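Peer 1: Structure here, sequence nowhere to be found:
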């Protein structure tokens, strides 16, 4: 079965922009799924499977792309 992948992009602004991005980096390093709350699909158990900068970050601006892959019912990530 094909897994659901939810993608998006975003940016952090302000003096703590890099700090906020580091939180996402830490989530990307997690080995277990977490809850992703989506305004249309509701809450899904997902892994953060892709996180990339879309431009060189500055001290007060970080722009990125992100993807989450929904976990299987047994909690594993589809390959």
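Peer 2: Done, it's in. Treat the numbers as computed from the prediction; the structure is a model and nothing was measured. Numbering: from 1, shown residues only.

Peer 1: Distance from the longest strand along the chain to the middle of the chain?
Peer 2: The residue-count maximum for a strand in the chain (DSSP state E) belongs to strand 42-53. Remark: strand 42-53 is offset 4 Å from the chain centroid, using C-alpha atoms, centre = their mean, to the nearest Å.

Peer 1: in the next helix or strand after it, what's buried?
Peer 2: In the C-terminal direction, the helix or strand that comes right after strand 42-53 (DSSP states H and E) is strand 61-70. Buried residues in strand 61-70, counted by 16 or more other C-beta atoms under 10 Å: 62-64, 66, 68-70. For the C-beta atoms, the positions are set from N, CA and C on the backbone; glycine is no exception.

Peer 1: can the residues you listed go into JSON lines with extra columns for pLDDT and distance to residue 33?
Peer 2: Shown next, in JSON lines, are these (pLDDT from 0 to 100; distance: C-beta to C-beta, whole Å):
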{"residue": "62", "pLDDT": "97", "distance to residue 33": "24"}
{"residue": "63", "pLDDT": "98", "distance to residue 33": "26"}
{"residue": "64", "pLDDT": "97", "distance to residue 33": "20"}
{"residue": "66", "pLDDT": "96", "distance to residue 33": "15"}
{"residue": "68", "pLDDT": "93", "distance to residue 33": "9"}
{"residue": "69", "pLDDT": "92", "distance to residue 33": "9"}
{"residue": "70", "pLDDT": "91", "distance to residue 33": "8"}
